[in-house]
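pasted the sequence and its predicted model underneath.
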Amino acid sequence: MALKGINAYKKGSLKQDIANADPHKITLMLMQGALDRMAYAKGNMERKDFESKAENLSRVTAIFVSLRDSLDMKSGGEISDNLFSLYDYMIQRVIDANVQNSLLIMDEVTNLLLPIKNAWAQIPEAAKQEAYAIQRQNQQAAM
């Protein structure tokens, strides 16, 4: 019973965090969510809880699709192209891990995502603000 209350609190807290987050923070939250779900799925694989494994890996795939589809391909240049390809690859590897019940593939995907997440977390505040200003200018010019 107490676990239900804790989960409800976490969901409410997460919704509040998302409502107050900038795009940079949301991206970090998505990446952390993918890492968390992959860790849960690994535990599910080890316990042979295939239903929960499939649910967690489905959520990981949805997160990677969201990250991939949110890339700014027009102004992102080579970095966006590379990230798009990498997210596509990770999506396919998560599917492979699901089908093969492979902890090694899960580790591969985790090891691909961690450096991206860590680099994203190191972006200085001034650079984020500059990027937001450029994005706003581009949106206004498009109108």
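That came in fine, so what should we check first?

what's the closest non-adjacent residue to Ser70?
Beyond its immediate neighbours in the sequence, the residue positioned closest to Ser70 (CB to CB, 6 or more residues apart in numbering) is Thr27, lying 7.5 Å away. All C-beta spots, glycine's among them, are computed from the backbone N, C-alpha and C.

what bits of this protein have low per-residue confidence?
Counting by pLDDT under 70, the chain contains low-confidence residues at 1-21.

sorry, back to before: so what's the residue count around the residue nearest to Ser70?
Using other CB atoms under 10 Å, Thr27 is surrounded by 19 other residues.

how close does the closest residue to Asp72 other than its chain neighbours sit to Arg68?
Ranked by CB to CB, 6+ apart and with sequence neighbours excluded, the top spatial neighbour of Asp72 is Ser80, at 6.1 Å. For Ser80, the distance to Arg68 equals 10 Å [CB to CB, to the nearest Å].

all helices of the chain, in order?
Using DSSP state H, the helices of the chain run over residues 2-20, 23-47, 50-69, 77-100, 103-121, 125-142.

other SSEs contacting the longest one?
What it means is helix 23-47. The elements that helix 23-47 packs onto, with contact taken as 3 or more CB pairs under 8 Å, 6 or more residues apart in numbering; DSSP states H and E, are helix 2-20, helix 50-69, helix 103-121.

what about 10 Å?
helix 2-20, helix 50-69, helix 77-100, helix 103-121, helix 125-142 (3 or more CB pairs under 10 Å, 6 or more residues apart in numbering; DSSP states H and E).
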